[in-house]
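**Student:** no sequence on this one, just coordinates:
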């Protein structure tokens, strides 16, 4: 029990690695079961190991004060100060600590503070600060534990940049298309040069002011929150994303209001007829709808590319982290082999226990100090390389930006006519796409070169560490051991060769372990990718559902109005399609952002659970159970992993539900704006239609003819008072008969409609009773075969279908009533006009006024009316 060389080795490993590699999240956690097996390999530690296994107490390798079998504690040889913690950062419990809690075999212990779900850390996780990065190379040099949070924040930044680019492209396209239509009217002489320049100047200034207001709001949002500009919290990020979405929706609303103002100003200043103006506005709406279609298609492709970029980033970061962890772990294997040889010499009494511990202490201290020095140099060099790469990238990006502006200005300087709008939209969009693709390739190239540079530095570090350890081991075997043990130089050379031979299987074992960890990580990433694909599919279904639903609503509104022409109805539908596609495109991007935020919330617990799975899988494959204690420990680990998976699944559903409810609220607010805007569009269309109808009636009522007839009848000597009074009385009697006949027909029609509605209600109730009887017969089977949520959905569908049916019946009844009344009113109007014309003809004949009277409306005109 006094021979504690293995514990000494582990103390050195844990303490020196805290000096060197605790800055990296990717350092692998050595499992407790594997540690027990390693300790059991030493014959002099068998009593301690047996006691530990019997008591089911497994000591973590990174614990500073490790209790011994007799209950005392032995502090590690080198106590290091704790690593500096980020502002508001919560110290995480490692997966190895979680496994340590499992060895107690008690379920209550498994759910204690050593498990994944710590209440304190959950409450403080959103307020936890992580490094604010602006590009992927910064993550490679990042020493933060929250690498996934940094990567996801970069994805949110990419989504924001994409949204800004698409918005700027849409605004620029509208201004250019609007300018083309103005130019066409200017060349045709419909507007003057002064009006042309004035309208264009005002609209360009208004749109520039809108963009300025948006940038000011976004800047205020960015400046609010955490004071330290180097760090950010998840809570701040969620708030900024929410406020950003609100600002963008407000800007979208203001943009479409401004486009309507621009069109109205154009109509007021031009000399076009109302039909010609409506035709131009219809063309403009169609072109902007085509623009939205182009932007939506481009956005979908860019979203997929951005998501793929995230997975590539995670693979790259994992590769670098595994490369970092490979160095100390392989060196640990080499030192373990040296320790085993010294143990063998101690058993043969060539070395005393004290001499062996002194040799190991000197070896470990010398090696880990050199490795710490090399590591610090490597970290500093990687930071310098990344800094240099970022400066070079910034310079390239600035040059590329100037080139983009020049190409864009060259395209806009070309002359396009209104007939070439489609050609212009295609050319301008292709230019933007080429710019985005070139920018993307520039960033990808920079990421690749930065990764290669950092990887080369750590490969160089691995070479230096291996060389330094080889020199120290050579010095130990060929210089120190001959003096301490009295062995010959040849015997010490044989010991070194034995060390090299024993090292080969250990390194092969570690290489296999390394490859399995990489494969497990790839499998996990593949599962996450499948979840993202499901999320995209769900988003597409939601977008299609909303589009179809609101298109059905707007068509129903137009159908109920009934008085609009096909051209006016198509104009309303086109406007609605344009606004709806714009809103849905923005909300789709918001949904992707929410999915990223949800992933950030779950990143910590996903990482810890993945570490548990990884350790358990690796241990299960590398070291089969040898006794009852290990078998029970393995079962406890599996049980605990299943329990944590269930907890994480429930929390994932809860977080997704929270974000879904937030998205639904934002959708309702955006669609409320859409509804209000469409109400104004429909109202303006109805007002224009009413004015046109009023103009037609005022031109057809022959008011001038009536005034001339009255003057002629007064001046005529042929018309007496009694004759005229008789004509008037006959006319009024005829009007009375016409009105009485109208009321009779109206009453008869109402009775007929009421009877038809009663018959339809009777048939509907009969059908409902039959359906209810069938449901009662199948109710028992349904309750047996369906779950509660399924039955609730079926009941909901039933109620909604009944409501929809009753709603359609009422609408159909009102429509028939409206059509019948309209037909009666048309007949009444024709009869009144005919009676009026008869009266006017008789009055003109009585007064002998030579005035031409309009012909009576024919039967064909009556039918048309």
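**Tutor:** Sure thing, it's come through. Since the model is a prediction, treat every value here as computed from it, not as a measurement.

**Student:** Phi first, then psi, for the most centrally placed residue in the chain.
**Tutor:** The centroid of the chain falls nearest to residue 592 when counting by CA atoms, centre = their mean (1.0 Å). With angles defined as degrees, to the nearest 10, residue 592 sits at phi -60, psi -40.

**Student:** what residues are up against it?
**Tutor:** Applying CB atoms under 8 Å, 6 or more residues apart in numbering to residue 592 gives the contacts 159, 303, 307, 539. Where C-beta positions appear, they are placed from N, C-alpha and C, glycine not excepted.

**Student:** run the last query once more with 7 Å
**Tutor:** Contact analysis of residue 592 by CB atoms under 7 Å, 6 or more residues apart in numbering lists 159, 303.

**Student:** same check, this time on residue 679
**Tutor:** By CB under 7 Å, 6+ apart, residue 679 has no neighbours at all.

**Student:** For it, give me the pLDDT.
**Tutor:** Looking at residue 679, its pLDDT stands at 90.

**Student:** Could you say which helix or strand holds it?
**Tutor:** Under the criterion of DSSP states H and E, residue 679 resides in helix 628-700.

**Student:** low pLDDT regions in the stretch 701-850 of the chain?
**Tutor:** Across the stretch 701-850 of the chain, the ranges flagged by pLDDT under 70 are 701-705, 717, 719, 772, 774-788, 849-850.

**Student:** tell me the pLDDT at the residue nearest to the centre of the chain?
**Tutor:** For residue 592, the pLDDT comes out at 92.

**Student:** Relative to residue 539, how far out is it?
**Tutor:** 7 Å (CB to CB, to the nearest Å).

**Student:** how about residue 130, secondary structure?
**Tutor:** Per DSSP: H, G, I helix; E, B strand; the rest coil, the local secondary structure of residue 130 is strand.

**Student:** What residues are bridge-paired with it?
**Tutor:** Following DSSP bridges, residue 130 is listed with bridge partners residue 232.

**Student:** okay but it is in contact with residue 149, surely?
**Tutor:** Yes. Counting by CB atoms under 7 Å, residue 130 does reach residue 149; the two are 4.6 Å apart.

**Student:** Okay, buried residues for the helix or strand harbouring residue 245 please.
**Tutor:** Assigned by DSSP H and E, residue 245 belongs to helix 234-269. Of all the residues in helix 234-269, those buried under the rule 16 or more other CB atoms under 10 Å are 234-238, 240-245, 247-256, 258-260, 262-263, 266, 269.

**Student:** Same question for stretch 303-320.
**Tutor:** By 16+ other CB under 10 Å, the buried positions in stretch 303-320 come out as 303, 306-307, 309-311, 313-314, 316-318, 320.

**Student:** State the distance from residue 346 to residue 601.
**Tutor:** Relative to residue 601, and taking CB to CB, residue 346 is found at 53 Å.

**Student:** Same drill for these two, tell me which one is more crowded.
**Tutor:** residue 601 (22 against 19; other CB atoms under 10 Å).

**Student:** and the helix or strand harbouring the more buried one with helix 234-269, angle?
**Tutor:** In this structure, residue 601 is located in helix 566-622 according to DSSP H and E. Interaxial angle of helix 566-622 relative to helix 234-269 (axes from the mean of the first three to the mean of the last three CA atoms, to 10 degrees): 160 degrees.

**Student:** Could you check how far helix 566-622 is from the centre of its chain?
**Tutor:** 4 Å (CA atoms, centre = their mean, to the nearest Å).

**Student:** Fine by me, we can end here.
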